[in-house]
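A.B. asks: need a 3D model of the following:
(one chain, ligands or ions: 3)
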Amino acid sequence: MAKNITGVLLVNLGTPDSPSTPHVRKYLREFLMDGRVIDIPYLLRAMLVNGIIAPFRAPKSAKEYAKLWEDRGSPLKFYGLDVRDMLQEKLGAGYKVALGMRYQSPGIESALEELRAANVSRIVVVPLFPQYASATTGSVSQKVNSIVNQWQIIPSIAHINQFMDHPKFIEAFAANGRSMMARNDYDHVVFSYHGVPERHIKKGSVGNQCQLGTCCNAFHDRNRYCYRAQCFYTSRLLAKALGLKEDEYTTTFQSRLGKDPWIQPYTDEFLKTLPSMGKKRVLAFSPAFIADCLETTLEVGEEFKEEFLEAGGQVWDLVPSLNDSPLWVECLEDLVKKA
Ligand SMILES: C=CC1=C(C)c2cc3[nH]c(cc4nc(cc5[nH]c(cc1n2)c(C)c5CCC(=O)O)C(CCC(=O)O)=C4C)c(C)c3C=C
Ligand SMILES: [Fe+2]
Ligand SMILES: [Fe+2]
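C.D. replies: Ligands and ions are numbered 1, 2, ... in the order given. Below you'll find the model as predicted:
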């Protein structure tokens, strides 16, 4: 009897091959030349990225990556490989799981080749971003389609494009938060998500309904792919799982790049207002990331902590990301089996 194997393609953003300046520059170039990330005309983007951002940012970012680097390399990559193996073990022989990075290595192309070599009958693509953004999930889907479109046989493909409300995703983060809360008293929780330029949200707004204000507090069929609304929704679910009241937590956005307005409130500005409101002990979550990376460990865990303490705060702790949490792997198993 013919054996049907389902291919599973896990895709994360990507990371430099090493924390050296040339590798970081190469990574930044590939990443920021993606028209879904910096959405301006090609020539302008090439001038901005190759002439300004990559040369000036690479040495600075390389120093940050060096602090993040472990014996096994970049956490985003080694946890990706661990989770790939754990998921393969759980799913068993009817599935072939591969990991690809949108930028740098291992690439999406080689991961798809692994699946093709295993003669998979269908592919489930799982971009490892809980909330949908054109710059991340959208870019992964576009890249996968562009590669597979060259194949003689195009298998059926299911794209998972968000899991920001999956009960096991929420519970895995809540469990990490609860173990911090059991050891320490906090007077406020900050859910800090990676930001995107406001323009990106406006471009994807159905019927131009998103005003980037309180409209994103409700979640419904017309804004189901609004990244900002999805982030607020994840926060509400996490707050419920943690038993937080509305005034005990805030959703904010970090990592802005350039001069254009990005979605607000900005984490770095908001955190400075907390001590004067009597909130000096903060627990921070980074629920837009499923593994520790530069944006969590260093930006939220170290830079924001320093700024918070300077502004009069006393405690700023970061909840570890999902990394190789068994509950997170169960979430992936469920997503794949239902796809
Ligand atoms: C969570 C999803 C992410 C969105 C949305 C996103 C958008 C986005 N990012 C940049 C610019 C940079 N991001 C950088 C790092 C980075 N970004 C994400 C995720 C999202 N980005 C991750 C997981 C990482 C960390 C990778 C790692 O190796 O640890 C960087 C590089 C780091 C630096 O130099 O500071 C840049 C630059 C833009 C412009 C953007 C726009 C939509
Ligand atoms: Fe980013
Ligand atoms: Fe919105």
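A.B. asks: from the stretch 201-339 of the chain, which residue is nearest to ligand 1?
C.D. replies: The nearest approach of the stretch 201-339 of the chain to ligand 1 comes at residue 293, 3.0 Å away (CB to the nearest ligand atom). C-beta: built from backbone N, CA, C; applies to glycine.
A.B. asks: so where does the nearest residue to that residue once chain neighbours are set aside fall, helix or strand?
C.D. replies: Sequence neighbours aside, residue 76 is the residue nearest to residue 293 in space, at 4.5 Å (criterion: CB to CB, 6 or more residues apart in numbering). Following DSSP states H and E, the helix or strand that holds residue 76 is helix 75-91.
A.B. asks: mind listing the strands for the stretch 151-300 of the chain?
C.D. replies: Along the stretch 151-300 of the chain, the stretches classed as strands by DSSP state E, counting those that start in this stretch are 156-159, 188-194, 249-254, 281-285.
A.B. asks: want to throw the ones you listed into TSV with distance to ligand 3, mean neighbour count and mean pLDDT?
C.D. replies: Listed next are the strands of the stretch 151-300 of the chain as TSV, based on distance: least, CB to the ion, whole Å; neighbours: other CB atoms under 10 Å; pLDDT from 0 to 100:
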stretch	distance to ligand 3	mean neighbour count	mean pLDDT
strand 156-159	22	14	97
strand 188-194	13	26	98
strand 249-254	12	22	98
strand 281-285	21	23	98
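A.B. asks: now those as a markdown table including distance to residue 270?
C.D. replies: Rendered in a markdown table, the data for those read as follows (distance: least, CB to CB, whole Å):
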| stretch | distance to residue 270 |
| --- | --- |
| strand 156-159 | 34 |
| strand 188-194 | 7 |
| strand 249-254 | 5 |
| strand 281-285 | 10 |
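A.B. asks: residue 239 is nearest to which of these?
C.D. replies: Distances from residue 239 to each of these were compared using CB to CB; the shortest belongs to strand 249-254, at 5.1 Å.
A.B. asks: send the alpha carbons of that closest one over as PDB?
C.D. replies: Once side chains and other backbone atoms are set aside, the C-alpha atoms of strand 249-254 remain, and they are given as PDB (Å, rounded to 0.1, in the frame of the first residue of the first chain):
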ATOM      1  CA  TYR A 249      -1.100  44.700  32.700                       C
ATOM      2  CA  THR A 250      -0.300  46.700  29.600                       C
ATOM      3  CA  THR A 251       0.500  45.800  26.000                       C
ATOM      4  CA  THR A 252       3.400  47.600  24.300                       C
ATOM      5  CA  PHE A 253       5.500  47.400  21.200                       C
ATOM      6  CA  GLN A 254       9.300  47.400  20.900                       C
END
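A.B. asks: gap between it and the chain center?
C.D. replies: A distance of 15 Å separates the centroid of the chain from that of strand 249-254, by CA atoms, centre = their mean, to the nearest Å.
A.B. asks: cool, and stretch 162-173?
C.D. replies: 13 Å.
A.B. asks: could I get the contacting residues of residue 23?
C.D. replies: By CB atoms under 8 Å, 6 or more residues apart in numbering, the contact list for residue 23 reads 16-17, 62.
A.B. asks: could you redo the last one with a cut-off of 6 Å?
C.D. replies: Contacts for residue 23 (CB atoms under 6 Å, 6 or more residues apart in numbering) come out as 16-17.
A.B. asks: any idea how far ligand 3 is from it?
C.D. replies: Residue 23 sits at a distance of 36 Å from ligand 3 (criterion: CB to the ion, to the nearest Å).
A.B. asks: need the per-residue pLDDT for that residue.
C.D. replies: In this model, residue 23 is scored at 98, pLDDT.
A.B. asks: only the buried residues of the helix or strand that contains it, if you could.
C.D. replies: Following DSSP H and E, the helix or strand that holds residue 23 is helix 21-32. Judged by neighbour count using 16 or more other CB atoms under 10 Å, the buried positions of helix 21-32 are 21, 23-32.
A.B. asks: now stretch 295-302
C.D. replies: Counting neighbours by 16+ other CB under 10 Å, stretch 295-302 gives 295-301 as buried.
A.B. asks: ok, so of those residues, who is nearest residue 101?
C.D. replies: Distance to residue 101 across the buried residues of stretch 295-302 (CB to CB) is lowest for residue 295, with 15.4 Å.
A.B. asks: could you measure from the closest one over to ligand 3?
C.D. replies: Applying CB to the ion, one obtains 22 Å for the distance of residue 295 from ligand 3.
A.B. asks: for that residue, which non-adjacent residue is spatially closest?
C.D. replies: Using CB to CB, 6+ apart, the nearest residue to residue 295 is residue 255, at 5.5 Å.
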